[in-house]
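# Have a look at this prediction, sequence included:
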Amino acid sequence: MARPGGRRHGVSGSQLRRGQEDVPRGRPPRVEAFEREEKQEKGRQMPKDNEGRAVPSGAAEPVSDGSVSALSVIEMGATSGGLSADFEAMKVAARAYVSKVVGMDIVTDEDRKAAWKIRADLNSKVEAIEKARKDAFRAYDAPKEAFKAKCEEVKSVIKEQIAIIDGRLKELDDEFTAARKAALLAEYETQAPDLMAAIPLERFIERESALMGRSWSETKAVSKLGQMIATAVSDREAIRAAAPKFATAADKHYCERLDLSAALAEAKRLADEAKARERHAEQMQREAEDRVARAMAQAKAAEGGGAPCRPKSPASEVREWDFRFRATKAQATMIAEYAKSIGVVSDGIKGVA
C-alpha cells in the first residue's frame, strides 16, 4: 500500500515478520486503539443539538479533551443570510480523525479485515456530511417554496379577472366572426349564387384574410368580396377563351387557387404535352411508312430480275397464318399492300374491337 508522506504509524510488515521478540503477533496497536475508541463511541448516547434533535448516526467523534468535535454535530442550516456551516472547524476535526490511521500498514489478512472496518467508519462520516448538506438545502428551499406559493396566491387573484376578460373577448370575437361571415355570404348569394359550388366563400377568405378582420369595416369587406367575385367570373371566361381544349382542367386549377396566371400556365403545359404526343405519333407514322416503302421497293427490284439468279430452293409449304398487331388504319393498309406485293394471299385486314 502506498503511504502518504510523513511519519509512519502502526506496525510494519517487517516487524510482524520478525516474530514475537519485537512485536507480539496479533492486531496492530493502532488498529486496536482505533477499535477501542469506536466501541466507546457506540456505547455513548447519541448527542442532541440545541433544539433537542438527534444527530445523524455515525457523526459522533470523541476527542482527547472530552469536548464535542465539529463532526459530531454537523451544523448546517439556512439563515436569513443564506446557508451556514463552520467548515474550518469541520476540516480540522476531519484531519484529526483520519490522523489515527494515516500510514497504517495493511499486510496480513487480519490487517485487511481491520482496514475494511476502518474504511466503513470513515465512509459513514462522509455520508453523514452529505446528509447534513441535503438537510440544509431542504431547509433553505422550504421558505422559497412557501414564498412562491404566496406569490401564486396573489397572482391567482389577478389571473382570475384576466380569465373573465378573456372569456368575454372570445365571445365578442365569435359574434363578430359570425356576423361578418353572414354579411359576406349574403353578398355572394346575391351576386353569383351559381359560382358558390365551384368557388366556396372560404377560398376568397384564404386569398384575402382581411375580409374577416376587424381592420376592415363590414362595408369595405363586402365591397372587396364583390370585386373578387366579379374578377373570378371574368377570369374563368378568359380561360375558356384562351384554352378551350383544356378549359376544364385549367378552370379547376383556377378555382382552387384564384390565380389566372397559374391557370393559364397549366393550360399551356397541357397543350404542350398534347402537341408533343402528336409529334411523336406523326414521327412513328412516317417511320412506318418509310419502312413499308423500302420493303416494297426491294420486292419489286427482286421481281424485275435485277438481282443475280439463285438456285431455286424446294417449294415451301403454303399454310394459313394468324398475325395480330396494333397499328393505325393507315399503317394496317400499308402492311396489307406490302403483303400483296410479295404474293401473300389474304382475306384482307379486319379491325378487332
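Arrived safely, thanks for sending.
# Quick check: Trp216 is in a strand.
No: counting by DSSP: H, G, I helix; E, B strand; the rest coil, Trp216 is not found in a strand; it is coil.
# wait, what's in contact with it?
Neighbouring residues of Trp216 by C-beta atoms under 8 Å, 6 or more residues apart in numbering: 210, 224. Yep, even glycine has a C-beta here, placed from its N, CA and C like the rest.
# With Lys170 as the reference, measure out to it.
21 Å (C-beta to C-beta, to the nearest Å).
# so Ala247 makes contact with Glu237?
No: the pair formed by Ala247 and Glu237 falls short of the contact definition of C-beta atoms under 8 Å, at 10.0 Å.
# Pull the contacting residues for Met334.
Here Met334 is in contact with 288-289, 292 (C-beta under 8 Å, 6+ apart).
# which of the residues in the strand or helix carrying it are buried?
Per DSSP states H and E, Met334 falls inside helix 329-341. By 16 or more other C-beta atoms under 10 Å, the buried positions in helix 329-341 come out as 331, 334-335, 338, 341.
# Reformat these into a markdown table and put distance to Ser209 next to each item.
Below are those laid out as a markdown table (distance: C-beta to C-beta, whole Å):
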| residue | distance to Ser209 |
| --- | --- |
| Gln331 | 58 |
| Met334 | 63 |
| Ile335 | 64 |
| Tyr338 | 68 |
| Ser341 | 74 |
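# and the gap between Asp86 and Ala192?
Taking C-beta to C-beta, one finds Asp86 at 89 Å from Ala192.
# Compare those two and say which is more crowded by neighbours.
A direct count of neighbours by other C-beta atoms under 10 Å for Asp86 and Ala192 places Ala192 higher, at 16 against 13.
# now the more buried one: how far from Leu225?
10 Å.
# now the strands for the stretch 51-200 of the chain?
Along the stretch 51-200 of the chain, counting by DSSP state E, counting those that start in this stretch, strands occupy 76-79, 82-85.
# Among those strands, show the one with the smallest mean pLDDT.
Mean pLDDT values for the strands of the stretch 51-200 of the chain show the minimum at strand 76-79, a mean of 61.
# Got a PyMOL select line for the buried ones in the contacts of Met334?
To isolate the buried ones among these in PyMOL, judged by 16+ other C-beta under 10 Å, type:
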select buried, resi 288+292
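# Let me know the closest of the contacts of Met334 to Asp347.
Of all the contacts of Met334, the one sitting nearest Asp347 is Val292; the distance, using C-beta to C-beta, is 20.1 Å.
# quick one, what contacts that closest one?
Contact analysis of Val292 by C-beta under 8 Å, 6+ apart lists 334-335, 337-338.
# right, and out of these, which lies closest to Glu75?
Ile335 (112.3 Å).
# That closest one reaches Ala327, doesn't it?
Yes: Ile335 lies in contact with Ala327 (C-beta under 8 Å); the separation is 7.1 Å.
# any weak-confidence spans in the chain?
For the chain, the stretches with pLDDT under 70 are 1-74, 76-81, 304-316, 348-353.
# For Asp259, see how far away the residue nearest the centre of the chain is.
Centroid-nearest residue in the chain, with C-alpha atoms, centre = their mean: Glu206, separated by 29.6 Å. Glu206 sits 12 Å away from Asp259, going by C-beta to C-beta.
# try Lys340
Distance of Lys340 to Asp259, computed by C-beta to C-beta: 58 Å.
# again, but for Glu287
41 Å.
# buried sites along stretch 224-233?
Across stretch 224-233, burial judged by 16+ other C-beta under 10 Å covers 224-226, 228-229, 232.
# Which elements pack onto the helix of greatest length in the chain?
Ranked by residue count and defined by DSSP state H, the top helix of the chain is helix 109-191. Applying 3 or more C-beta pairs under 8 Å, 6 or more residues apart in numbering; DSSP states H and E, we find helix 109-191 packed against helix 29-43, strand 76-79, strand 82-85, helix 87-98, helix 201-207, helix 218-242.
# Right, I'll leave it there.
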